[in-house]
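Colleague: coords below, sequence missing:
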């Protein structure tokens, strides 16, 4: 993972300046942290069996998107979205639900400050309320309070440091349906691989979905909704350069682990693993 991260930054052009080096070190931390957190979330919510396939798939799916590895806002936003997912799924134990809703909404709000269209993941918070505590009408207002809290603190920050209010017009990104950026050879290959993985893993996931217990299905639906929202963000994001596809890695890693956990011949499983390991190197090097 470190090699792939290093290659991505080397191709961009590495600058020996203290500020840039600090940013790269923070980016590495923000890249590795979700892998560990995602594996923890998957095991705690019985989404996968104990193993490292989720981490392997996450590393593969993010590595085929080299532009995302050098995008600090996307990496930062992704961490907050994953923290929000943890709070949403943890609502299932029916303890401190209001606090978890508020935490999830605040995390989504913070994620949107780094990358605006990640605000779309607020839909997952409402979906969690629907599945785990829909009868309490107060819960439906809490996400708005969470987002509003982030906006208030953003105003306090800009007033303190820049002596100006937080500008909403500068915060909101435009919508773009232009896909010209994906027609570049390197990016077209990345989009193609991610599209194939999405269709294949999702098909396997739907087959296995019917065999899951009723208690698990709400969580699986939230994971599917996560993927749908991530695809929606990729469709409307401006300045498409494949970094916006980074948000698809989390749900696809969870969904794709289902395929690896199926009964396979040992040789077939090893071939699959090596394919997922080698493809990112091919994209980054060539």
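Modeller: That came in fine, so what should we check first? Predicted model, so just to flag it, every value in this text is computed and none were measured. Residues are numbered from 1 along each chain as shown.

Colleague: shouldn't residue 64 be in contact with residue 190?
Modeller: Yes. Residue 64 sits in contact with residue 190 when judged by Cβ atoms under 8 Å, with a separation of 5.1 Å. For every residue, glycine as well, the C-beta is placed using N, CA and C.

Colleague: got the phi/psi numbers for residue 217?
Modeller: Main-chain torsions, residue 217, degrees, to the nearest 10: phi -60, psi -40.

Colleague: let me see the contact set for the residue nearest the centre of the chain.
Modeller: By Cα atoms, centre = their mean, the chain has its centre lying nearest to residue 247, at 3.3 Å. For residue 247, the contacting residues are 74, 77, 78, 81, 118, 121, 229, 230, 233, 234, by Cβ atoms under 8 Å, 6 or more residues apart in numbering.

Colleague: go on, residue 77?
Modeller: Going by Cβ under 8 Å, 6+ apart, residue 77 touches 111, 112, 114, 115, 118, 247.

Colleague: and residue 139, by the same measure?
Modeller: The neighbours of residue 139, taking Cβ under 8 Å, 6+ apart as the test, are 97, 98, 101, 129, 133.

Colleague: mind checking which of the contacts of residue 247 are in helices?
Modeller: 74, 77, 78, 81, 229, 230, 233, 234 (DSSP state H).

Colleague: which one among those gets closest to residue 194?
Modeller: residue 234 (9.3 Å; Cβ to Cβ).

Colleague: that closest one against residue 248, yeah?
Modeller: Yes. With contact defined as Cβ under 8 Å, residue 234 counts as touching residue 248 (6.9 Å).

Colleague: next up, the contacts around residue 229.
Modeller: 120, 121, 123, 124, 247.

Colleague: run a quick neighbour tally on the closest residue to the fourth one other than its chain neighbours.
Modeller: Put plainly, it is residue 124. Excluding the flanking residues, the one nearest residue 124 by Cβ to Cβ, 6 or more residues apart in numbering is residue 88, at 5.6 Å. Residues lying near residue 88 (other Cβ atoms under 10 Å) number 29.

Colleague: please name the residues that touch residue 88.
Modeller: Going by Cβ under 8 Å, 6+ apart, residue 88 touches 100, 104, 124, 125, 127, 128, 222.

Colleague: what's the closest non-adjacent residue to the first one?
Modeller: Sequence neighbours aside, residue 87 is the residue nearest to residue 100 in space, at 4.4 Å (criterion: Cβ to Cβ, 6+ apart).

Colleague: can you tell me the SS state at that neighbour?
Modeller: Under DSSP: H, G, I helix; E, B strand; the rest coil, residue 87 falls in the helix class.

Colleague: repeat for residue 156
Modeller: Under three-state DSSP, residue 156 falls in the helix class.

Colleague: from residue 157, how far out is the residue in the chain sticking out farthest from the centre?
Modeller: Residue farthest from the centre of the chain, counting by Cα atoms, centre = their mean, is residue 163 at 33.4 Å. Distance, residue 163 to residue 157, using Cβ to Cβ, to the nearest Å: 11 Å.

Colleague: how about residue 230?
Modeller: Look at residue 230 and residue 157: by Cβ to Cβ, they are 28 Å apart.

Colleague: with residue 105 instead?
Modeller: 18 Å.

Colleague: tell me who's in contact with residue 126.
Modeller: 140, 143.

Colleague: for it, phi and psi?
Modeller: The phi/psi pair for residue 126 (degrees, to the nearest 10) is phi -70, psi -30.

Colleague: what sits against the nearest residue to residue 174 once chain neighbours are set aside?
Modeller: Excluding its sequence neighbours, the residue lying closest to residue 174 (Cβ to Cβ, 6+ apart) is residue 238, at 5.1 Å. If a contact means Cβ under 8 Å, 6+ apart, then residue 238 has 173, 174, 175, 176 as its contacts.

Colleague: farthest-apart pair in those residues, please.
Modeller: The widest separation within the contacts of residue 238 (Cβ to Cβ) is 8.8 Å, between 173 and 176.

Colleague: list residues touching both of those two?
Modeller: 237, 238.
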